[in-house]
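[1] Quick check, what structure comes out for this input:
(chains A, B, C and D)
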There are 2 protein chains.
Amino acid sequence: MKIGELANATGTKVETVRYYEKIGLLTPPARTLANYRDYGSEHLARLSFIRRARDLGFTLEAVRELLTLSDNKAQSCEAVDGIARVHLTDIDRKVRDLKSLGLELSRVLGSCSNGTVAECKIIETLAPRGKAFV
Amino acid sequence: MKIGELANATGTKVETVRYYEKIGLLTPPARTLANYRDYGSEHLARLSFIRRARDLGFTLEAVRELLTLSDNKAQSCEAVDGIARVHLTDIDRKVRDLKSLGLELSRVLGSCSNGTVAECKIIETLAPRGKAFV
DNA sequence: ATGCACCCTGTAGCAACTATAGGGTCAAGT
DNA sequence: ACTTGACCCTATAGTTGCTACAGGGTGCAT
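    Got it, this is the predicted structure:
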C-alpha cells in the first residue's frame, strides 16, 4: 500500500511516517518504479503499535525498547525480562491513574445530568504520590 | 515551599515548573523577600495533576481543559459535560490498550521465567483499529 | 493534454520541555 | 567576617517529536 493509505489506516500524518523511517523506527519499505514507498501489512501493524503506544504516553525511546522485544527473536531472557518488567509497573500505575480520573469525570458528568453542578475534585484524583512534601 | 522542593515532590524539573508558570498553567506564587517563589499545597496538588495527566498522554491543552473543570466553579453544565465526555471516551480506550499491553508483557515475562523465550506478540496487542486497510 | 490528488526530498516551524549563561541568596563551616 | 556550595533568579538557546511548507514528479480521469 502507498504511504497515504498507511497513514490513513493508522491515523498518522504522512510526514510522521517518513519521520519514523528517518529515525529508524520503521524499516524502509520497497519502492515502486515511480519511487513511491510500498508498504506491507507488517508495516501497518508496527506503525499502529507505535502510534497507540505514543498515545499512551510512552516516549519514542520506550517504544523502540518495546519493539525490540518483538524484533529480536533470539535475545536473552534477562534482557526481555528487564524491559518488560520496567514497563509493566509503569502500565499498572497508568491504568490506576486513568481509572480514578475516569471515575471523577463520570461523577461530575452524573451530577451534571441531574441538574446540579458538583464541585469538581479532579485534581485530587491524581494527588501527589511517593515523596510528598510535608 | 521553594521551587526545588515542589519540583522534587512531583518529579518535575525546576525549569519545567517555571515553564508552566510562563504559559499560565500554574498561577504565579507569592515571592519571598529574596524574590524566591514560595509555593503552597494547592500548587503541589495542581502540579502533580499536570505531571501525571501528561504522563498519561494528555496534551497540555487537554490538561488545561481538564483543569478548568476544577477552576471555574460557576460554569455551565453543558461546558462541563462536553469536556468530561470527550475525555472519558479517550480514557476508556487508553485503559483498554494499556491492559492488553500489560497482559502481553506479563505473558512474555511468565514464559521467560520458566526458561523458554516465548515469541513476543506485543505488536499484535495494539493492532490497527477502525479504518483498517485491506 | 491538463487538471487534480497523490508521491518525492529537503528544510523550517511548533509544542513541550531541557540545558546553559550570567548572576544573586543563604546557611554552614573556619 | 568570609567563603564555599547548594540553591534561587531571568533570559535564551537547544532537543524531541512531530507538522507544515516549498519545489518538483507521477498517474489517472476528463
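[2] Give me the neighbour count for the closest residue to DNA strand D within chain A.
    Residue of chain A nearest DNA strand D, by CB to the nearest atom of the strand: residue A:34 (2.9 Å). All C-beta atoms are positioned from the backbone trio N, CA, C, and that covers glycine. Using other CB atoms under 10 Å in any protein chain shown, residue A:34 has 5 other residues around it.
[3] Okay, now the unreliable bits of chain A?
    Within chain A, the segments meeting pLDDT under 70 span A:72-75, A:115-118, A:129-134.
[4] mind checking the longest helix of it?
    Using DSSP state H to define each element, chain A has its longest helix at helix A:77-113.
[5] That one packs against which elements?
    On a contact count with 3 or more CB pairs under 8 Å, 6 or more residues apart in numbering or on different chains; DSSP states H and E, helix A:77-113 meets helix A:60-71, helix A:122-125, helix B:41-55, helix B:77-113.
[6] could those go into a markdown table alongside distance to residue A:17 and mean neighbour count?
    As requested, the helices and strands packed on helix A:77-113 are exported to a markdown table (distance: least, CB to CB, whole Å; neighbours: other CB atoms under 10 Å in any protein chain shown):
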| stretch | distance to residue A:17 | mean neighbour count |
| --- | --- | --- |
| helix A:60-71 | 14 | 17 |
| helix A:122-125 | 35 | 18 |
| helix B:41-55 | 25 | 20 |
| helix B:77-113 | 20 | 17 |
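[7] what's residue A:67 in contact with, if anything?
    Neighbouring residues of residue A:67 by CB atoms under 8 Å, 6 or more residues apart in numbering or on different chains: A:25, A:46, A:49-50, B:122-123.
[8] Right, I'll leave it there.
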